[in-house]
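Visitor: Mind looking at a prediction? Sequence and model below.
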Amino acid sequence: VHPADRMWWGLHPCICLLHYGPCTDIALPALVLQGSGVFYFGYVLFQIPSNLLLNRLGAKTWLPFITAAWGLVATCCILIHSPASFYVLRFFLGVAEAGAFPGMWAVCGQFYPSAYITVPYSVIEASIAVSQILAAPAAAALLQLAGVWSLAGWQWLFLAEGLATLVLAGILRWRLPSSVEAASFLTADDKQWLLQQLGAAAIHDKQVHSGSSAAMLNGYSSSSKTADDRSKRPQCDSKDIILHAGNSEAAHDTEDLLLHKASTNVVSSSALVVSTNAAAEASVSGAQLTAWQQVLATFRNRLILYLMLLKALKDIALDGLVYWVPMLVHALIDGNSISLSIPGSSTSSSVGGVTKHCGGKESQLQAVLLSAIPFGTAALAAVALGHSSEIRQERRFHIGLPLALGGCAFMMLPLLLKLASHVPAFIAVTAAVIAADATTGPFWSWVHNAAVPGTGAVTFAAVNSVGKAGGFLGPLSFGLILHATGSYVPSILLVSAVLICGGAMALLYSGERWIQYQKLPEAHCEMAQL
């Protein structure tokens with residue numbers, strides 16, 4: 001079994017379970033309660049502080065702690081008795097959840113080499129889609145308990161979320177290793193291989209980012225070595241050691257240094273393991289940078305700022321699509337046409353047969369249950385796309401093309417609805433969900449590779465904060481447009497435009513040109529086996 005595969009089976013189950021704690025809460029706003037803005041305020045505001053504490057205390061301590069806090073706050077939500085208590089608890093729920101997902105992505109960067117990290121990120125994204133699928137039947141079942149023990153249906157939802165999350169906190173504390181060396185599910189050879197991979201990448205990252213950031217971000221620097229000289233160097237047969245570099249000359253200088261060390265045998269096996277281990281820990285823990293330095297380095301990184309905007313576009317589209325899927329399921333079930341105008345507007349119209357207004361509550365539960373189809377498809381597509389991206393070590397086309405094509409497909413939605421072509425319309429929405437959701441795994445590998453060494457957890461938190469802010473403001477703007485125009489068409493076109501713009505940004509991303517995935521010469525492979 002490959003060490004990366006063994007790491008996957010040992011680490012990923014407990015990480016992916018973290019998505020299922022809030023699965024009932026995912027369905028809650030759509031079924032019972034409102035007030036997600038307060039939740040998002042706490043969630044966005046505290047992501048960076050939470051991950052700074054993760055760097056200081058370690059993932060094994062901090063992730064179970066905030067998961068337990070999350071569970072306690074969710075359980076306390078059954079005591080809501082007024083709007084004020086509801087908003088206060090929703091705010092603290094957002095604060096508790098803030099560090100969970102960025103912390104998971106940072107943990108993956110601690111345990112997986114860069115060449116093997118896209119699939120783990122994609123599986124995490126697939127688990128999010130699966131949790132959205134499970135949210136509907138879980139909420140439906142819990143709502144049927146209304147009246148049992150004198151609790152309302154929404155109280156059962158909160159109670160189930162809280163108790164499940166508390167159990168998960170115990171599992172995380174028990175199963176999550178504090179480091180590669182502490183991973184009981186890895187063999188000694190697995191640990192040595194992973195430490196060598198992570199250490200080599202950490203050393204290379206440090207050299208790349210210690211140079212001129214302007215030169216690095218503006219493209220390749222000139223190299224004194226010719227292509228012929230480089231082509232004569234023997235290559236490893238597998239992707240055992242793959243580095244990402246921002247400066248080609250620095251990369252070749254590093255190769256020369258490692259070749260010299262290998263040829264003169266100045267590095268022993270034990271020394272290599274110790275040095276790579278220290279470099280790996282320094283690169284992911286942020287121990288060499290103060291909290292303020294981590295934040296500054298993150299927001300001065302032009303590539304990360306670019307990816308923040310791309311994440312905001314993706315989340316605007318995805319949160320908007322979550323709204324449209326149940327509406328189309330209504331039409332598909334009943335075989336009726338859908339009005340593209342809100343009731344009572346001067347532009348209200350329908351085509352043939354009974355009219356169903358978008359977002360109506362009739363058959364809501366049935367529609368929500370069948371809305372699992374697009375998200376289930378997106379989960380499968382996320383794994384397939386991540387695997388393809390990792391095998392080919394390519395990101396731009398795996399992100400840009402699906403986003404652009406999904407935007408074009410969703411742009412056809414108004415026409416398909418006017419023609420009462422519900423199945424093609426449903427396929428178009430599914431394509432858009434896949435575009436916005438399944439591309440997230442390769443996207444996070446971009447963030448991982450572009451982050452300045454020592455800022456990983458803060459970088460993930462910053463990018464996710466901006467994305468979630470966009471995810472909240474997007475549906476809000478859709479509502480404003482809807483009430484201003486009396487039609488759903490402008491909102492549909494806005495989602496389409498956002499997806500297409502996101503695709504264009506991905507295809508133009510400059511980091512793909514300076515972050516190279518290079519195989520080290522054979523001598524490096526020999527050194528790794530010393």
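Guide: Perfect, I can see it now.
Visitor: so where does A160 fall, helix or strand?
Guide: Element membership for A160 (DSSP states H and E) is helix 153-175.
Visitor: buried sites along that helix?
Guide: Across helix 153-175, burial judged by 16 or more other CB atoms under 10 Å covers 153-162, 164-166, 168-169, 172-173, 175. For every residue, glycine as well, the C-beta is placed using N, CA and C.
Visitor: can you check stretch 303-319 too?
Guide: Residues of stretch 303-319 classed as buried by neighbour count (16+ other CB under 10 Å): 303-304, 306-319.
Visitor: Does A74 touch E161 like I think?
Guide: Yes: with contact defined as CB atoms under 8 Å, A74 reaches E161; the gap is 4.5 Å.
Visitor: Quick check: the gap between M505 and L309.
Guide: 7 Å (CB to CB, to the nearest Å).
Visitor: could you give the mean pLDDT of the helix holding A160?
Guide: What helix 153-175 shows for mean pLDDT is 87.
Visitor: Could you list every helix and strand in contact with that helix?
Guide: Applying 3 or more CB pairs under 8 Å, 6 or more residues apart in numbering; DSSP states H and E, we find helix 153-175 packed against helix 3-16, helix 23-31, helix 59-76, helix 118-143.
Visitor: can you state the direction angle for it and helix 118-143?
Guide: 140 degrees (axes from the mean of the first three to the mean of the last three CA atoms, to 10 degrees).
Visitor: Now do the contacts for V498.
Guide: L313, I316, A317, G320, G407, G474 (CB atoms under 8 Å, 6 or more residues apart in numbering).
Visitor: rewinding a little: out of the buried residues of stretch 303-319, which comes closest to L296?
Guide: Of all these, I304 has the smallest distance to L296: 11.8 Å, by CB to CB.
Visitor: which residues in the stretch 301-450 of the chain form helices?
Guide: Ranges of helices in the stretch 301-450 of the chain, per DSSP state H, counting those that start in this stretch, are 302-334, 364-370, 372-392, 396-411, 413-418, 422-438, 440-450.
Visitor: With distance to F101 as added columns, please give those in JSON lines.
Guide: Output for the helices of the stretch 301-450 of the chain, formatted as JSON lines (distance: least, CB to CB, whole Å):
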{"stretch": "helix 302-334", "distance to F101": "12"}
{"stretch": "helix 364-370", "distance to F101": "23"}
{"stretch": "helix 372-392", "distance to F101": "15"}
{"stretch": "helix 396-411", "distance to F101": "19"}
{"stretch": "helix 413-418", "distance to F101": "30"}
{"stretch": "helix 422-438", "distance to F101": "14"}
{"stretch": "helix 440-450", "distance to F101": "10"}
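Visitor: Single out the most deeply packed of those.
Guide: Here the criterion is mean neighbour count by mean count of other CB atoms under 10 Å, and of the helices of the stretch 301-450 of the chain the winner is helix 440-450, at a mean of 26.
Visitor: Summarise which helices and strands that helix is packed against.
Guide: Secondary-structure packing of helix 440-450 (3+ CB pairs under 8 Å, 6+ apart): helix 100-111, helix 118-143, helix 302-334, helix 372-392, helix 396-411, helix 456-485, helix 511-514.
Visitor: Y87: which of the ones you listed is closest?
Guide: helix 456-485 (15.2 Å).
Visitor: Over the closest one, what's the mean pLDDT, rounded is fine.
Guide: Averaging pLDDT along helix 456-485 yields 85.
Visitor: Just want the angle from that helix to helix 302-334.
Guide: Using the same axes, to 10 degrees: helix 456-485 against helix 302-334 is 50 degrees.
Visitor: pLDDT score assigned to the nearest residue to M412 once chain neighbours are set aside?
Guide: In space, and not counting its chain neighbours, M412 is closest to A428: 5.5 Å by CB to CB, 6 or more residues apart in numbering. The per-residue pLDDT reported for A428 equals 89.
Visitor: any idea how far S421 is from F185?
Guide: For F185, the distance to S421 - CB to CB - is 51 Å.
Visitor: more neighbours, those two?
Guide: The neighbour comparison of F185 against S421 (other CB atoms under 10 Å) goes to S421, with 15 against 12.
Visitor: any idea how far S496 is from the more buried one?
Guide: For S421, the distance to S496 - CB to CB - is 17 Å.
Visitor: try W446
Guide: Distance, W446 to S496, by CB to CB: 23 Å.
Visitor: Next: I427.
Guide: Counting by CB to CB, the gap from I427 to S496 is 15 Å.
Visitor: T75 now?
Guide: With CB to CB as the criterion, T75 and S496 are 41 Å apart.
Visitor: Could you count how many residues lie near the closest residue to A451 other than its chain neighbours?
Guide: Excluding its sequence neighbours, the residue lying closest to A451 (CB to CB, 6+ apart) is T459, at 4.0 Å. T459 has 31 neighbours, counted by other CB under 10 Å.
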